[in-house]
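Q: Build me a structure from this.
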Amino acid sequence: MTEVGQYTYLIDQIRQHQQYLELAGGQTPFQCAAVDWLQTIYRPLVTLIQQNHILDAFPQRTLTDLYTYMSSHQWQRGQSRTYHKEIDALIPNDMEEFRKMMAGKSERDYPEMQREITVFVLMNVSARREAKLMEKLFAIPEVRELHSVHGSFDILMKIVLKRDLLTSDAEIISDFVNERIRQIPGVVSTQTLIPGHSQMKES
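A: Numbers count the residues shown, from 1 in each chain. Have a look, this model is predicted:
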């Protein structure tokens with residue numbers, strides 16, 4: 001761990017788990033509670049972090065750093081706010097509820113800590129470059145639909161992005177549009193639309 005004092009938090013967490021086990025089944029030595037905590041609480045959450053590559057966004061941190069950060073926001077007593085609605089849905093705000101939820105699951109059944117974002121981008125492009133530009137845009141995996149349109153804009157593009165639950169929509173969208181779209185020669189300007197509520201008919 002990279003921050004001073006964080007081991008104390010983990011010890012306190014194990015002691016809370018020890019109290020829970022004792023209420024459920026009688027006297028439990030601290031060492032036994034620690035082993036059970038490691039196997040049924042720590043490892044499942046750390047595995048979620050690994051499987052969803054969240055550590056990639058925090059190169060100076062360790063898995064236990066992220067475990068402590070996320071679990072303290074979800075489970076620390078006295079926490080007066082929810083951390084994030086998607087994380088709250090995925091990781092219950094009670095440590096023992098998380099343990100029950102993950103019990104019996106194999107690692108391949110663990111939920112993904114990612115969500116998809118659908119974005120529409122309106123573009124103005126140089127007239128002479130439109131055909132080649134559309135070929136380049138359509139080759140980008142995140143681009144799902146591409147339409148040449150008449151009116152104030154030249155191209156309408158639908159993109160689907162994925163983000164982990166610790167990154168904001170705005171950050172992911174801004175990075176993608178600025179680094180992957182606006183750098184292409186021939187792109188004059190873009191306007192990004194984020195759906196608030198969507199309805200789709202099945203084909």
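
Q: rest of the way, CA atoms for contacts and neighbours
A: OK.

Q: Against Lys158, how distant is the residue sitting furthest away from the middle of the chain?
A: Most distant from the centre of the chain: Arg128, at 39.8 Å, with distances by CA atoms, centre = their mean. Using CA to CA, to the nearest Å, Arg128 is found at 22 Å from Lys158.

Q: Same check on Thr192?
A: 10 Å.

Q: what residues are shared contacts of the two?
A: Val119, Phe120, Val121 (CA atoms under 8 Å, 6 or more residues apart in numbering).

Q: so where is this structure shaky, pLDDT-wise?
A: Within the chain, the stretches with pLDDT under 70 are 77-89, 109-114, 164-167, 203.

Q: give me that answer again for 90
A: 1-6, 24-26, 44-45, 47-60, 66-67, 69-117, 127-132, 162-172, 194-203 (pLDDT under 90).

Q: Can you name the next helix or strand after the longest helix anywhere in it?
A: Longest helix of the chain, by residue count under DSSP state H: helix 6-25. Later in the chain than helix 6-25, the nearest helix or strand by DSSP states H and E is helix 30-37.

Q: outside of that next one, which residues touch it?
A: Counting by CA under 8 Å, 6+ apart, Ile14, Arg15, His17, Gln18, Leu21 sit against helix 30-37.

Q: For the protein, which segments count as strands?
A: Secondary structure of the chain (DSSP state E): strands located at 114-125, 143-148, 155-164, 187-193.

Q: Paired strands for the second one, with orientation please.
A: When you say that, I think you mean strand 143-148. Strand 143-148 pairs in its sheet with strand 155-164 (antiparallel), by DSSP bridges.

Q: Enumerate the positions of the strand it pairs with that are buried.
A: Going by neighbour count (16 or more other CA atoms under 10 Å), the buried part of strand 155-164 is Ile155, Leu156, Met157, Lys158, Ile159, Leu161, Arg163, Asp164.
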